[in-house]
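Chemist: What follows is a predicted structure for the sequence shown.
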Amino acid sequence: MMILKKIALLIVLMLTINSNIAQEKEVPNVSNNYLTFDLLQPTFSYAPRWTIGYYRRFSEKIVLGLDFGMGDKATSIGLATEGPSIEDNYFSIEISPEIQYFLKSNRKAKYFIGLDLSYIYHKDTFTNSYFGEDPNNVTRFDSADYERIKYAMTFNYGVIFPISDHLGFVTKVGAGIRNSEVSFTNIQNPRSDVVEESLLSFISDYRRAAGNDLGIALSLDLKFVYRW
């Protein structure tokens, strides 16, 4: 819980700083190209990826773009290094195209709504762990190969805060639908077990829930952007 409080405090602080900067800057002339770098995904994620994006303006209102992210154990930093969320064989990629429609902007910031589709592939080898969502009937194991494939569609609302003619930050929140397919294979020494039920057990844990899981997708992004 302390980690979550730190994350929330950091996000609020960064958004406040961005907002104050935006109040002192005018939005420059319309840019046709955008390069983005995700600041949250490699640091505040239990499945970290280094993600960059390229976006192209096709009209005054329409921008199309694509994010690509990749991560492994060797390049992981932040939350993922503080616990057992990833192990030595961790690898993940993400591909996410997005269409953005820009709304009427003021002199301080540019606002948009968007729709993105995402594909995530995530694999690892977990040791001395378990899977199963019923705490009274889980499968514990010494070692197992883990694979997760996730598809999602998210509707977003975002803001671009400029800090210069070419540099700025993009903040974005979204909600939609997602489907995850999780499998455990090559299971070593499987046996039934009972685990203590946590206060958050009603939330699906993608590291424990084998099979297909259809649910709500929520997203929060903070990106550094270079425009030209």
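Modeler: Thanks, I have the structure now.
Chemist: Pull out the buried residues from the longest strand belonging to the chain.
Modeler: Determined from DSSP state E, the single longest strand within the chain is strand 138-162. By neighbour count with 16 or more other Cβ atoms under 10 Å, strand 138-162 contains the buried residues 138-141, 144, 146, 148, 150, 152, 154, 156, 158-162. Where C-beta positions appear, they are placed from N, C-alpha and C, glycine not excepted.
Chemist: Past it, which element shows up next along the chain?
Modeler: strand 167-188 (DSSP states H and E).
Chemist: could you point out which element follows that next one?
Modeler: Per DSSP H and E, the helix or strand that comes after strand 167-188 is strand 191-193.
Chemist: chain center to that next one, what's the gap?
Modeler: 32 Å (Cα atoms, centre = their mean, to the nearest Å).
Chemist: List the contacts of the helix or strand just after that strand.
Modeler: Sequence-wise, the next helix or strand downstream of strand 191-193 (DSSP H and E) is strand 211-227. Applying Cβ atoms under 8 Å, 6 or more residues apart in numbering, the external contacts of strand 211-227 come out as 11, 14-15, 28, 31, 33-40, 53, 152-154, 156, 158, 160, 166-183, 204, 206.
Chemist: ditto for stretch 91-105
Modeler: Under Cβ under 8 Å, 6+ apart, the answer for stretch 91-105 is 27, 47-49, 51, 55, 60-73, 110-124, 156, 158.
Chemist: ok, 6 Å please
Modeler: Contacts to stretch 91-105, defined as Cβ atoms under 6 Å, 6 or more residues apart in numbering, come from residues 27, 47, 49, 61, 63-72, 111-123.
Chemist: could you give the mean pLDDT of that stretch?
Modeler: For stretch 91-105, mean pLDDT rounds to 93.
Chemist: Next, the buried residues of it.
Modeler: So stretch 91-105, judged by 16+ other Cβ under 10 Å, has buried residues Ser92, Ile93, Glu94, Ser96, Glu98, Ile99, Gln100, Phe102.
Chemist: So which of those are in strands?
Modeler: Per DSSP E, the buried residues of stretch 91-105 map to strands at Ser92, Ile93, Glu94, Ser96, Glu98, Ile99, Gln100, Phe102.
Chemist: Am I right that Ala80 is in a helix?
Modeler: Yes - applying DSSP: H, G, I helix; E, B strand; the rest coil, one finds Ala80 inside a helix.
Chemist: measure it to Gly174 for me?
Modeler: 22 Å (Cβ to Cβ, to the nearest Å).
Chemist: sorry, back to before: show me which of the contacts of stretch 91-105 are buried.
Modeler: Applying 16+ other Cβ under 10 Å to the contacts of stretch 91-105 flags 27, 47, 49, 63, 65, 67, 69, 71-72, 112, 114, 116, 118, 120, 122 as buried.
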